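Enquirer: Provide a 3D model corresponding to the input given below.
(4 chains)
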Protein chains: 2
Amino acid sequence: MSRRTASDKGMQGIPEATIARLPLYLRALYALADRDIASVSSEELAAASGVNSAKLRKDLSHLGSYGTRGVGYDVGYLIYQISRELGLTQDWPVVIVGAGNLGRALANYGGFASRGFRVAAMLDSDPLVVGTVIAGHRVYGADEMERVVVRYGVMIGAITAPAVAAQDICDRLVTAGVTSILNFAPVVLNVPDGVDVRKVDLSIELQILAFHAQRKSEFRVPHCGDRDVRSLDAHRRGDLASSTGRGLPLDGDDPVAAEAVGT
Amino acid sequence: MSRRTASDKGMQGIPEATIARLPLYLRALYALADRDIASVSSEELAAASGVNSAKLRKDLSHLGSYGTRGVGYDVGYLIYQISRELGLTQDWPVVIVGAGNLGRALANYGGFASRGFRVAAMLDSDPLVVGTVIAGHRVYGADEMERVVVRYGVMIGAITAPAVAAQDICDRLVTAGVTSILNFAPVVLNVPDGVDVRKVDLSIELQILAFHAQRKSEFRVPHCGDRDVRSLDAHRRGDLASSTGRGLPLDGDDPVAAEAVGT
DNA sequence: CGGACTTTGTGCAAACGTTCACAAGGGCGT
DNA sequence: ACGCCCTTGTGAACGTTTGCACAAAGTCCG
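Expert: The predicted structure follows:
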């Protein structure tokens, strides 16, 4: 029962926004299960997930009527249903290409192995790194990419290599059979139809934060609370201007960073 | 000229979706500037950013009419305008709390320093890590968090610590004066109004990919291309079922991962 | 066994985001 | 100087997402 996805009701497709939130609910549900809580209301689960309760109910309604009116949702059952919908009831071997800092972080990431994902292999092109063991995985050479992907039936690849190498790695992964890519390199990857890419760009997240931070500091203009105002004026437009041609180099030295706060 | 933000036209607020794309355009523009390209059309810039050209034009129109009809946009000028809008013409000191793998990755991240961000300090609670130098930054003890934040006027903090510690770190950062938080820990942070949090959850990205991968493998059912089909059936529902109470343990052994592909 | 109470599931309307299509406007060749 | 051609900026249509508010549907207690 309940094998055929997308057929039971009229739901032919679950909205993308909903899909993006299901892992959030799943995490909150696991936390509840760990505390031996068997049942949860939409209000509680929504609060634990940081979303509106109506939104949560609508999201869950897309995968069926798995709640009990007047009571709530069975934690274990809901975990199973969401997992099944997301495809987490099967095991996903993943290759991590690029054994630098980010690749290591990813390989060591706790939530990685615990939710149906498994590092099939780490790869790197640096001969000094190839052969070493990271988080229990021996690092393969980049030339073995195709072999590893085919051998382990890898469909998901994470690119944690430098930006210049990313497109080439991507092409090779796709050719070898990978159809889903998690890209950490700050480039726009070109992929054929049928392959989808999710990108995580730390710099972009920071820039979005900077926008909101700026917006906030425009209101409480001079100082907020008890902080030292000096650095608010310590611009360093240097590297921006250097590549645009609008040079306005101010205070060139960084009065920070080294040995200021005594340990 | 052009000093007062958000006043020129009727634009009191730039849509959030636009803000999230501006860093993307900015990156593409820097790439063009590096190649000494002075002018770019919306079509070209859109292609380089991986978005629709109409969307790009509408996005840019939110910050003013900085293009020239019949010609396109001046690369340098647009870089300046977007940078200003995002608040990147000033320097943002950032604290990284948690000097584990992810914290190291972040500190070493190239796009970090190059766009107006600067690591003011790294912090960790592990006495073995405190005092060591990572990416040129000495690691401070967690007890110095407040001091560092106030001293350097830090408004942005990145939490790369384990999930259990995240909320406490968050509270302390906010109390000390941080108003923007980039959270890598897989928990929903509770913050007062006025503080905004962006979360990056590697596990969630992977789960979204898994959903799409599953959807794809439902069509080309048995095998796709030339790959080994075995692993597609190699479920490992074990750890899922164990916490839900619905045990259906199949094939318990992992026939993978160790020393299969010869080097 | 019945009625009150609780919570789900959903119709609906508003807000938001995307895409098309085209008029307005500026450069460039002649 | 004039008209052609190119590209921007934007009005309008469309699709998606959110949130309210409430009926449907179950539980629990007396």
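Enquirer: and the gap between residue A:166 and DNA strand D?
Expert: Taking C-beta to the nearest atom of the strand, to the nearest Å as the measure, residue A:166 falls 27 Å from DNA strand D. Using the backbone N, CA and C atoms, a C-beta is placed for each residue, glycine as well.
Enquirer: what is the burial count for the nearest residue in space to residue A:197 that is not next to it in sequence?
Expert: Nearest residue to residue A:197, sequence neighbours excluded (C-beta to C-beta, 6 or more residues apart in numbering or on different chains): residue A:181, at 4.7 Å. Neighbourhood size, residue A:181 [other C-beta atoms under 10 Å in any protein chain shown]: 24.
Enquirer: quickly find the element holding residue A:181.
Expert: Here residue A:181, judged by DSSP states H and E, is contained in strand A:180-183.
Enquirer: check which helices and strands that strand sits against.
Expert: strand A:156-159, helix A:163-176, strand A:196-199, helix B:202-219 (3 or more C-beta pairs under 8 Å, 6 or more residues apart in numbering or on different chains; DSSP states H and E).
Enquirer: distance of the residue nearest to residue A:197 from residue B:216?
Expert: Distance, residue A:181 to residue B:216, using C-beta to C-beta, to the nearest Å: 13 Å.
Enquirer: likewise for residue A:148?
Expert: For residue A:148 relative to residue B:216 (C-beta to C-beta), the value is 20 Å.
Enquirer: for residue A:153, what are phi and psi?
Expert: Main-chain dihedrals, residue A:153, degrees, to the nearest 10: phi 60, psi 40.
Enquirer: in terms of contact, does it touch residue A:93 like I think?
Expert: Yes: with contact defined as C-beta atoms under 8 Å, residue A:153 reaches residue A:93; the gap is 6.5 Å.
Enquirer: which parts of chain A are helices?
Expert: Per DSSP state H, chain A carries helices over the ranges A:16-34, A:42-49, A:53-61, A:75-86, A:101-108, A:110-113, A:145-152, A:163-176, A:202-219, A:230-233, A:238-244.
Enquirer: wait, which of those is closest to residue B:165?
Expert: Shortest distance between residue B:165 and the helices of chain A, using C-beta to C-beta, is found for helix A:110-113: 13.2 Å.
Enquirer: quick check: which helices or strands does the closest one pack against?
Expert: With contacts defined as 3+ C-beta pairs under 8 Å, 6+ apart, the secondary structure elements packing on helix A:110-113 are helix B:202-219.
Enquirer: the helix it packs on near DNA strand D at all?
Expert: No: for helix B:202-219, no contact with DNA strand D is found by C-beta under 7 Å from any atom of the strand; the gap never falls below 12.2 Å.
Enquirer: list of residues touching the longest strand anywhere in chain A?
Expert: Assignment by DSSP state E gives strand A:117-124 as the longest strand of chain A. Residues outside strand A:117-124 that contact it (C-beta atoms under 8 Å, 6 or more residues apart in numbering or on different chains) are A:91-100, A:103, A:107, A:112-113, A:130, A:134-135, A:137-142, A:144-145, A:148, A:152, A:154, A:156, A:161, B:203, B:206, B:210, B:254, B:256-257, B:261.
Enquirer: now those residues: which count as buried?
Expert: The neighbour-count test (16 or more other C-beta atoms under 10 Å in any protein chain shown) marks A:91-100, A:103, A:107, A:112-113, A:130, A:134-135, A:137-142, A:144-145, A:148, A:152, A:154, A:156, A:161, B:203, B:206, B:210, B:256 as buried among those.
Enquirer: quick one: contacts for the residue nearest to residue A:197?
Expert: A:156-159, A:170, A:173-174, A:189, A:191, A:195-198, B:209.
Enquirer: select only the buried ones of those in ChimeraX?
Expert: Buried residues within those, by 16+ other C-beta under 10 Å, are selected in ChimeraX with:
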select /A:156,157,158,159,170,173,174,189,191,195,197,198 /B:209
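Enquirer: now the contacts of residue A:181 in CSV, with pLDDT and distance to DNA strand C?
Expert: Output for those, formatted as CSV (pLDDT from 0 to 100; distance: C-beta to the nearest atom of the strand, whole Å):
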residue, pLDDT, distance to DNA strand C
A:156, 97, 25
A:157, 98, 25
A:158, 98, 24
A:159, 98, 23
A:170, 98, 22
A:173, 98, 25
A:174, 98, 22
A:189, 97, 18
A:191, 97, 17
A:195, 96, 18
A:196, 94, 15
A:197, 97, 16
A:198, 97, 15
B:209, 96, 20
